[in-house]
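J.: Mind looking at a prediction? Sequence and model below.
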Amino acid sequence: MKYSDKYFALDKDLGRPLTPGTEAYATHNSTGRPVVELTAEQRYAFDLRGWLLIEGVLSQDEIAAAKEHIYKVHHEPDSLLAHHRSSMGGPCVELIDHPVIVGFMNEFVYQPFTDGVKTPPLGNQWSYGFRMEMSFSQYRARGDGKFLPHNGNGMMRVPGDHHTYHAFPGQAHSCLTRALWELNPVARGQGGTLFVSGSHKAAFVGPESLRSMDSPFWQDYDCPAGSVLFFTEAVTHSSSVWDMDHPRVAIFNSYNAIGSKWHNWDPHPELLAEMPPMRQTMFRPVYVGGNVVKHDDA
Ligand SMILES: O=C(O)CCC(=O)C(=O)O
Ligand SMILES: [Fe+2]
């Protein structure tokens, strides 16, 4: 289904439609790779559960390069240029607008507001309609990590909270949103992230029993290296204790709507300067009205 086939529950200005055409959604990423749209099953699963695992996205070469970089960030930082000393430096910068990331964000994070007259949609073929918020990495050995459940009830929260999720017929929006790259295999029950599926839409406060990892509501996943796990920060979720022979090597990237900023974080200016222009649009100033880079500005 094309994005433009969707509808909004409420239009604007006495019923003028808000829905832009497909040209408002990037079809290629900043390095010219075609965007991978979610399947109907993936879109349904994310909306239903609040999280979505897409397995085996990266090639063996991409995994090896990203792992080597994250190893250096944690263990040999001096071997890296200062502005590449982060989880979005070196080869990992390619992950921040990977075609699978753009497809997901186009669907659940980008709200292509347009009045069809003065205010153009927030995205086009030169400009993403969503922001990148923050990036960090984990290099966890056996025993590292803690059970720390947080968030939930995202439909009941007001907009400034950011840990929100809103769903309407044919349209859903996640505010603060995570894309977590697992660069090593993860086995179920061995330390991957835990979720209470559906809790982003829950009307009731989570019961006390959720404070135990043994609650049957907690779910996790297994996956091969190079998989990406999307989740809304509105879903109840938790870190866990890593219990595998190999380390957990993971990159945690956060995204948000163009007019919303949660973290007091900005990319290293020299890293930003090295990015292709379209990738830089994920770091443009935070406001909504007319905040889009047009072809002429690029
Ligand atoms: O460490 C984890 O697995 C989950 C961390 C977390 O809460 C998050 O990424 O928002
Ligand atoms: Fe979290």
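T.: That came through fine. Ligands and ions are numbered 1, 2, ... in the order given.
J.: how far is stretch 177-192 from where the chain is centred?
T.: Averaging C-alpha positions (CA atoms, centre = their mean, to the nearest Å) puts stretch 177-192 14 Å from its chain's average.
J.: Quick check: phi and psi at the closest residue to Gly192 other than its chain neighbours.
T.: Closest residue in space to Gly192, ignoring its immediate chain neighbours: Val186 at 4.3 Å, by CB to CB, 6 or more residues apart in numbering. In this view, the C-beta of every residue, glycine as well, is placed from N, C-alpha and C. Per-residue torsions, Val186: phi -130, psi 130 (degrees, to the nearest 10).
J.: check contacts around Val186.
T.: Contacts for Val186 (CB atoms under 8 Å, 6 or more residues apart in numbering) come out as 192, 221-223, 227, 244, 248.
J.: Next to ligand 1, which bits of the stretch 101-250 of the chain? Give me the list.
T.: 178, 193, 233, 237, 239 (CB under 6 Å from any ligand atom).
J.: make it 5 Å
T.: Proximity of the stretch 101-250 of the chain to ligand 1 is confined to 178, 193, 239 under the rule CB under 5 Å from any ligand atom.
J.: Can you say which helix or strand has the first one in it?
T.: I take that to be Arg178. strand 177-182 (DSSP states H and E).
J.: In that strand, which residues are buried?
T.: 177-182 (16 or more other CB atoms under 10 Å).
J.: now, which of these sits nearest ligand 1?
T.: Among the buried residues of strand 177-182, Arg178 lies closest to ligand 1 (CB to the nearest ligand atom), at 5.0 Å.
J.: Dig out what the closest residue to that closest one other than its chain neighbours forms beta bridges with.
T.: Leaving aside its chain neighbours, Arg178 sits nearest to Phe231 (5.1 Å; criterion: CB to CB, 6+ apart). Under DSSP bridges, the beta-bridge partners of Phe231 are Trp51, Arg178.
J.: Distance of Phe231 relative to Thr114?
T.: The gap separating Phe231 from Thr114 is 28 Å, by CB to CB, to the nearest Å.
J.: okay, the two: which has more neighbours?
T.: Shown here are Phe231 and Thr114; by other CB atoms under 10 Å, Phe231 has more neighbours (22 against 19).
J.: Contacts only, for Leu210.
T.: Leu210 makes contact with 149, 196, 217-218, 236, according to CB under 8 Å, 6+ apart.
J.: roughly how far apart are the closest residue to Asn153 other than its chain neighbours and Val196?
T.: Nearest residue to Asn153, sequence neighbours excluded (CB to CB, 6+ apart): Ala202, at 5.3 Å. From Ala202 over to Val196 the distance is 8 Å, taken as CB to CB.
J.: Likewise for Gln171?
T.: 23 Å.
J.: Between the two, tell me which one has more neighbours.
T.: For Gln171 versus Val196, neighbours defined as other CB under 10 Å are more numerous around Val196 (23 against 17).
J.: so the closest residue in space to Leu80 that isn't next to it in sequence is in which element?
T.: Of all residues not flanking Leu80 in the chain, Lys72 sits nearest, at 5.4 Å (CB to CB, 6+ apart). Using DSSP H and E, Lys72 maps to helix 60-75.
J.: ok so, going back, ok, the residue nearest to Asn153 - how many residues close by?
T.: Ala202, neighbours per other CB under 10 Å, totals 18.
J.: What values do phi and psi take at it?
T.: The phi/psi pair for Ala202 (degrees, to the nearest 10) reads phi -60, psi 140.
J.: Restrict the strand holding Arg178 to CA atoms and write it as PDB.
T.: Only the C-alpha atoms of strand 177-182 are listed here, as PDB (Å, rounded to 0.1, in the frame of the first residue of the first chain):
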ATOM      1  CA  THR A 177      11.500   5.700  18.900                       C
ATOM      2  CA  ARG A 178      14.400   3.300  19.100                       C
ATOM      3  CA  ALA A 179      16.200   1.500  16.300                       C
ATOM      4  CA  LEU A 180      18.500  -1.000  18.000                       C
ATOM      5  CA  TRP A 181      21.100  -2.900  15.900                       C
ATOM      6  CA  GLU A 182      22.100  -6.300  17.400                       C
END
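J.: gap between the two ends of stretch 279-295?
T.: Across stretch 279-295, the straight-line distance between its terminal residues is 14 Å, by CA to CA, to the nearest Å.
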